[in-house]
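predicted structure and sequence below. I'll ask about it afterward.
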Amino acid sequence: MSLPSSKKKYLFLQTEKTDRRQNFVSLALRKRYSYLTEPGMSPQSPCERTDIRMAIVADHLGLSWTELARELNFSVDEINQIRVENPNSLIAQSFMLLKKWVTRDGKNATTDALTSVLTKINRIDIVTLLEGPIFDYGNISGTRSFADENNVFHDTVDGN
């Protein structure tokens, strides 16, 4: 039995939409990291630096984003809301968690604070990454806030 052409078209569009959602963060991350391979290029604004730091952490969190959320004192309802709003991508879920954390905690959303919680959930790999040379592009110390001088990250996950 074959599906009517309108049903096939609908299924194709739904699949295409899902594929785009799953890939948009990966494309955005590639764009964000491109400066690392281009000599003389680096993020200029505090928002760009925050964007890159959060994208890198989100890219590595995987399923442990929910554990991080609990340690950052997000409620079950807030965690579920992030899941519902970003159903097709763990990276998008991780990124939205970090974005909400920065918005909620403002100046208290520091690299030290994140490092402490990541250590608590045994994500030393991400701690090492945060302390590594990838973050040597400017004045970023352990107490520097992810909110960078009140410029809380305003972009959406897809870079728009």
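Cool, got the structure. It should be emphasised that the depicted structure is a prediction, and the values quoted were computed from it without experimental measurement.

export the host helix or strand of residue 101 as PDB, just CAs?
Using DSSP states H and E, residue 101 sits in helix 90-105. The C-alpha trace of helix 90-105 is given here as PDB (Å, rounded to 0.1, in the frame of the first residue of the first chain):
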ATOM      1  CA  LEU A  90      21.200  17.400  23.200                       C
ATOM      2  CA  ILE A  91      23.500  20.200  22.200                       C
ATOM      3  CA  ALA A  92      20.600  22.700  21.900                       C
ATOM      4  CA  GLN A  93      19.300  21.500  25.300                       C
ATOM      5  CA  SER A  94      22.700  21.900  26.800                       C
ATOM      6  CA  PHE A  95      23.200  25.300  25.300                       C
ATOM      7  CA  MET A  96      19.700  26.500  26.400                       C
ATOM      8  CA  LEU A  97      20.500  25.400  30.000                       C
ATOM      9  CA  LEU A  98      23.700  27.400  30.000                       C
ATOM     10  CA  LYS A  99      21.900  30.400  28.500                       C
ATOM     11  CA  LYS A 100      19.200  30.200  31.200                       C
ATOM     12  CA  TRP A 101      21.900  29.900  33.900                       C
ATOM     13  CA  VAL A 102      23.800  33.000  32.600                       C
ATOM     14  CA  THR A 103      20.500  34.900  32.500                       C
ATOM     15  CA  ARG A 104      19.400  33.800  35.900                       C
ATOM     16  CA  ASP A 105      22.800  34.100  37.700                       C
END
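
who are the packing partners of it?
helix 5-33, helix 46-61, helix 65-71, helix 76-85 (3 or more CB pairs under 8 Å, 6 or more residues apart in numbering; DSSP states H and E). C-beta: built from backbone N, CA, C; applies to glycine.

list the buried residues in the last one.
This means helix 76-85. 79, 82 (16 or more other CB atoms under 10 Å).

give me the angle between that helix and helix 90-105.
Relative orientation of helix 76-85 versus helix 90-105 (axes from the mean of the first three to the mean of the last three CA atoms, to 10 degrees): 140 degrees.

what packs against helix 76-85?
Applying 3+ CB pairs under 8 Å, 6+ apart, one finds that helix 76-85 contacts helix 65-71, helix 90-105.

same question for the last one, mean pLDDT?
To tie it back to what came earlier, the one meant is helix 90-105. Helix 90-105 comes out with an average pLDDT of 95.

same deal with stretch 49-57?
82.
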